[in-house]
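Peer 1: sequence first, predicted coordinates after that:
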Amino acid sequence: MGLRGRFSYGPSSDPEAGSSFAKGTETIDFEHVLELSKTRLAGDGRLHLGIACRGAEYSQPDIWQAEYAFAREHHLPFTTHTMMTRHDTERVRAISVYAEHDVLGPGHLLIHAIHANEDEIRALAETETPVSVSILSELRVGMGIPPVVEMLRAGVNVALSLDTMAASDNSDMFAAMRTQMLVERGRFEDATIYQPNTVLRQATLDGARALGLAEVTGSLTEGKKADLIMEGKKADLIMLSRRRSQPRADQRRRRPSRARRSAAERGHGLGRRYRSQTQRRTRRLGVPAAMKAAQVAVARLSERIGKPVV
């Protein structure tokens, strides 16, 4: 149980600090980053260490260049939120600046890139720089719509993310997947432009690629970690348990003592019954059965859409 991914060490949350987004006049704490790399985030655990940089838009040139140089020197991947609003691009076209300074590449994950132009998208593709879009926050805050289809056509690896609850007001990855697909279909007025298998891959394997984890996770492939989520049965079990736990009217008349049981007692019985059913189902499932069921589902999906799903 748990999460697998990257912890990106970022700027200070104190707006008065020089290492904050608001100021951007000091680098992050390099010594603390190195300490974490040797202690809590050392080794091959579920979390690996990276750096969340403020980049050309939210820090001084000598600051973001020092942070990028530090990351590369210590072989740490880094992320940058970039080109989120038109106002940002009026001040600086950050992706163009990164291309000029040779700091694009597979180890530099860009977030949003909503207002990237054709030349900048081409630069991302040529340098294999991944992009993560967060459609729920981008729409809610009014940043704009990222050119995802254009990026995909150019060969950019585009993954999906959720941003923060403060920005997106929603942490449902399935909602983000559906919204991303529908927005692009509407933007192009073409229901075939963006298919479910594409958005599913973006939320899984392409996300793993963007984090440098494609050899570890992201797909159900022999030799990778068995990172799975179980989705969709809990509510059904609860409703089933509630229906079974409620006696019929004639039963209530024949057994008044049962009808007088407290709500707390009924809740306790429901919880016990649900736990028992869940435990039985979990014991029956097993890893081989889960893998086989997933492989069958993938094969059926491939058959329906007429192309292999990796």
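Peer 2: On my side now, so go ahead.

Peer 1: would you tell me which strand is longest in this protein?
Peer 2: The residue-count maximum for a strand in the chain (DSSP state E) belongs to strand 47-53.

Peer 1: list the buried residues of that strand.
Peer 2: 48, 49, 50, 51, 52, 53 (16 or more other Cβ atoms under 10 Å). Every residue, glycine included, has its C-beta placed from N, CA and C.

Peer 1: strands of the chain, start to end?
Peer 2: 5-9, 47-53, 78-82, 108-112, 131-133, 158-160.

Peer 1: just send these back as a markdown table, with mean pLDDT and distance to residue 142 too.
Peer 2: Listed next are the strands of the chain as a markdown table, based on pLDDT from 0 to 100; distance: least, Cβ to Cβ, whole Å:
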| stretch | mean pLDDT | distance to residue 142 |
| --- | --- | --- |
| strand 5-9 | 94 | 25 |
| strand 47-53 | 95 | 23 |
| strand 78-82 | 97 | 16 |
| strand 108-112 | 98 | 13 |
| strand 131-133 | 98 | 15 |
| strand 158-160 | 98 | 19 |
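
Peer 1: would you turn these into a markdown table with distance to residue 119?
Peer 2: A markdown table is the format used below for the strands of the chain (distance: least, Cβ to Cβ, whole Å):
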| stretch | distance to residue 119 |
| --- | --- |
| strand 5-9 | 27 |
| strand 47-53 | 22 |
| strand 78-82 | 15 |
| strand 108-112 | 15 |
| strand 131-133 | 15 |
| strand 158-160 | 18 |
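
Peer 1: to residue 33, which of those strands lies closest?
Peer 2: Nearest to residue 33 among the strands of the chain is strand 5-9 (5.1 Å), distances taken as Cβ to Cβ.

Peer 1: what lines up beside that closest one in the sheet?
Peer 2: strand 47-53 (parallel) (DSSP bridges).

Peer 1: what's the weakest-modelled helix or strand in this protein?
Peer 2: Lowest on mean pLDDT, DSSP states H and E among the helices and strands of the chain sits helix 234-245, with a mean of 42.

Peer 1: ok now do the residue nearest in space to the middle of the chain, which residues does it touch?
Peer 2: The centre of the chain sits closest to residue 161, judged by Cα atoms, centre = their mean, with a distance of 3.7 Å. Applying Cβ atoms under 8 Å, 6 or more residues apart in numbering to residue 161 gives the contacts 111, 132, 133, 134, 176, 207.

Peer 1: point out where the stretch 201-310 of the chain drops to low pLDDT.
Peer 2: Counting by pLDDT under 70, the stretch 201-310 of the chain has low-confidence residues at 232-287, 301, 304-310.
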